[in-house]
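Enquirer: Show me the folded form of this:
(2 chains)
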Amino acid sequence: MTLASATRRPATRTPDAGGSRRPVDHGAWFLVLPALIPILVLSVGPLLYGIGLAFTDAQSGRTAPTRWIGALNFQDLLHDTLFWDSFRIGLLWAVGVTVPQFLLALGLALLLDQDLRFRPLARALAIIPWAMPEVVVGIMWRLVYNPDAGILDETLRDLGLGDGHDWLSGLGTALPAVIVVGVWAGMPQTTVALLAGLQNTPRELHEAAAMDGAGAWRRFLTVTWPALRPVALAITALNFIWNFNSFALVYVLTNGGPGGRTRLPMLFAYEEAFRYGQFGYAAAMGCVMVAVISVLLAIRLAGRLKGDEDV
Amino acid sequence: MKTRKGARAGQYLALLAYLVFLAFPFLWLISTAFKPARELASLHPTWIPRSPTLANFRQAFDEQPLLRAALNSLLAALGAAVVAVLIATPMAYVMARHRTLLAKAATGWVVVSQAFPFVLVIIPLFLVLKNLRLIDSLTGLIMVYVVWALPFALWMLVGYVRAVPAELEEAAAVDGAGRVRTLVSVTAPLLAPGIVATALFAFISAWNEFFFALVLLKTPEKQTLPVVLTHFIGAEGVADLGPLAAAATLATLPSLVVFAIIQKRITGGVLAGAVKS
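Expert: I've put the predicted structure just below:
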């Protein structure tokens, strides 16, 4: 019943068994096309179309033909302070969620890797947020944060720590409040990935280090972390992107409010496209989001390759 | 490895703290769902409803077309799962067994597709589906869900195919079976558990999905469960808490059940991919 046991897949592949030297025959295309065509038509195609739209004045419900307007949308975006506000909030949110998510998940994974009682139960429970629809997670936390009937304020009242705070509509509390939800919702995936990484670390190394008298912290630094690093980097990069692009959670929790304090870029672009019908402009936003995120990750990756950074 | 008693106690305490953090919103949701209106209005909410009731569930069904929405969700999720697996399995097979340019490109696409904000894809999709008169239709939504589920389905399935020894297939080939025959009669049966796990994962993803459904489905009778759930939250953000909690609880049950069934395999599949990337 352990989560990670399934990840130990026996290495059944002999070096040659992949058939990499087998000549490519045309039968392969027959097998690939049923998936390849939908991918090209409904995923790659729209993606390119979307990038193209960013250079047009496309609007919904307009009768006049759509015109090519070059980089005009991007010029407008440069001066759109609301967009950059939301971009900044998106980055704050992505970092604010990804970092604690990683630290908490690492702690939890290390715990679940131990020989503790109730471990199977704990592992099973830890998955719950993963299985829940994001909309339900949002609704659930609205109930928790509710100033009158919510359990959070009631607990605070019982402890004598303040009274009836409306977390989700306070200008200062809204973003931290939704970040907590983001951390909660994304922890399982991160935990599970790290747990698998831990299970792949050779036990003998641990034992050898323990015999040499290394303490728990030293063992973590010299044995566990080096083995875990690739998984940790991969999952953190993915989490960052996913979080930056997230939509449903915050849509349900605050719908971007109060006063745009939690208006993530995706919420902004969604409104622009489907409330105001500015398809071209919203597509340009999407392009900027991709571009900036790619640059950030490339810098991160370059730093990592140089080896002058640690995490 | 010896661990001192103090450290062990600390570990259990930390584990307990984690579980409280994970479980308390969930328990609160369920508790709220069973509370009568009078108890919800009281200034001091209780953990366990004093006089539990099913009234919220009844009211939830009265207020919104929940049954219809659940049926829509079920159809969309089933359709997406079945189609995704049917077309992904052969492609995953080729990707796993041939290191061709195509396989590399597909793997690259799987990674890249994770990084794009959906808004960049949904606008063109919206336009295309509108021209095909597939806005506000489950068929259109299923098409989107299939493609949306494909990267992950491929990722999982490639791992499962690689776990099947290629020697078995070679033996079949020596016996004169063609590629498709080999795939269907030798590989597919061994893959079956992996295929089921992948299908169930696609099912949950579609069942839980919100953004595409929000954009593509307009009339209330066509909408899926997550979209209908948001109707319980009024325009001003004021919600009738009891029915909201009741409906949310119901919407979660299928995912939880399916997830419990496949969690072992899913994490395996996810990680086989994630760790190797």
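
Enquirer: The closest residue in space to A:Pro265 that isn't next to it in sequence: neighbour count?
Expert: Residue nearest to A:Pro265 in three dimensions, not counting chain neighbours: A:Gly90, with 4.3 Å by C-beta to C-beta, 6 or more residues apart in numbering or on different chains. In this view, the C-beta of every residue, glycine as well, is placed from N, C-alpha and C. Residues lying near A:Gly90 (other C-beta atoms under 10 Å in any protein chain shown) number 24.

Enquirer: The one 5 residues further on now?
Expert: A:Val95: 14 surrounding residues under other C-beta under 10 Å.

Enquirer: okay, and for the stretch 101-250 of chain B, where does confidence drop off?
Expert: B:235-239 (pLDDT under 70).

Enquirer: residue contacts, the residue of it found nearest chain A?
Expert: In the stretch 101-250 of chain B, no residue comes nearer to chain A than B:Leu120, which is 3.3 Å away by C-beta to the nearest C-beta. When the contact criterion is C-beta atoms under 8 Å, 6 or more residues apart in numbering or on different chains, the partners of B:Leu120 are A:47, A:50-51, A:283, A:286-287, A:289-290.

Enquirer: possible to save these as JSON lines with secondary structure, neighbour count and distance to chain B?
Expert: Formatted as JSON lines, the entries for those read as follows, by DSSP: H, G, I helix; E, B strand; the rest coil; neighbours: other C-beta atoms under 10 Å in any protein chain shown; distance: C-beta to the nearest C-beta, whole Å:
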{"residue": "A:Leu47", "secondary structure": "helix", "neighbour count": "20", "distance to chain B": "6"}
{"residue": "A:Gly50", "secondary structure": "helix", "neighbour count": "26", "distance to chain B": "4"}
{"residue": "A:Ile51", "secondary structure": "helix", "neighbour count": "16", "distance to chain B": "7"}
{"residue": "A:Ala283", "secondary structure": "helix", "neighbour count": "29", "distance to chain B": "5"}
{"residue": "A:Gly286", "secondary structure": "helix", "neighbour count": "27", "distance to chain B": "3"}
{"residue": "A:Cys287", "secondary structure": "helix", "neighbour count": "19", "distance to chain B": "7"}
{"residue": "A:Met289", "secondary structure": "helix", "neighbour count": "25", "distance to chain B": "5"}
{"residue": "A:Val290", "secondary structure": "helix", "neighbour count": "20", "distance to chain B": "6"}
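
Enquirer: of all these, which two lie farthest apart?
Expert: A:Leu47 and A:Met289 (13.1 Å; C-beta to C-beta).

Enquirer: In the longest helix along chain A, which residues are buried?
Expert: The longest helix of chain A (DSSP state H) is helix A:81-113. Across helix A:81-113, burial judged by 16 or more other C-beta atoms under 10 Å in any protein chain shown covers A:83, A:86-87, A:89-91, A:93-94, A:96-98, A:100-102, A:104-113.

Enquirer: Could you list which residues are in contact with B:Phe259?
Expert: If a contact means C-beta under 8 Å, 6+ apart, then B:Phe259 has A:127, A:130-131, B:204, B:266 as its contacts.

Enquirer: quick check, distance from stretch B:131-142 to the centre of its chain.
Expert: 20 Å (C-alpha atoms, centre = their mean, to the nearest Å).

Enquirer: can you check stretch B:70-81 too?
Expert: Relative to its chain's centre, stretch B:70-81 lies at 11 Å (C-alpha atoms, centre = their mean).

Enquirer: any idea of the mean pLDDT for it?
Expert: Confidence over stretch B:70-81, taken as the mean pLDDT, stands at 96.

Enquirer: my guess is B:Ala81 meets B:Val196, correct?
Expert: No: the pair B:Ala81 and B:Val196 fails to qualify as a contact (C-beta atoms under 8 Å) at a distance of 9.8 Å.

Enquirer: higher neighbour count, these two?
Expert: In terms of neighbours (other C-beta under 10 Å), B:Ala81 is the more surrounded of B:Ala81 and B:Val196; the figures are 26 against 15.

Enquirer: mind checking how far the closest residue in space to A:Leu36 that isn't next to it in sequence is from A:Leu42?
Expert: Counting by C-beta to C-beta, 6+ apart, B:Met91 is the residue found nearest to A:Leu36 once chain neighbours are left out, at 6.8 Å. Relative to A:Leu42, B:Met91 is positioned 15 Å away (criterion: C-beta to C-beta, to the nearest Å).

Enquirer: between the two, which one's more packed in?
Expert: Ranked by neighbour count (other C-beta under 10 Å), B:Met91 and A:Leu42 place B:Met91 first, with 25 against 21.

Enquirer: And the helix or strand where that one lies, what's buried?
Expert: Assigning secondary structure by DSSP states H and E places B:Met91 in helix B:66-97. For helix B:66-97, a neighbour-count test (16+ other C-beta under 10 Å) marks B:66, B:68-70, B:72-81, B:83-85, B:87-97 as buried.

Enquirer: got it, and stretch B:33-53?
Expert: Of the residues in stretch B:33-53, those scored as buried under the neighbour-count criterion (16+ other C-beta under 10 Å) are B:33-36, B:39-40, B:45, B:49, B:53.

Enquirer: which ones among those are found in helices?
Expert: The helices in this structure, assigned by DSSP H, contain B:33, B:39-40 from the buried residues of stretch B:33-53.

Enquirer: Would you mind trimming these to those in range of chain A?
Expert: Here is what survives when these are matched to chain A using C-beta under 8 Å from any C-beta of the partner chain: B:Leu40.

Enquirer: between the ones in helices among the buried residues of stretch B:33-53, which is closest to B:Ile142?
Expert: Distance to B:Ile142, by C-beta to C-beta, is smallest for B:Ala33 among those, at 30.0 Å.

Enquirer: List the contacts of that closest one.
Expert: Applying C-beta under 8 Å, 6+ apart, the residues contacting B:Ala33 are B:56-57, B:242, B:245-246, B:248-249.
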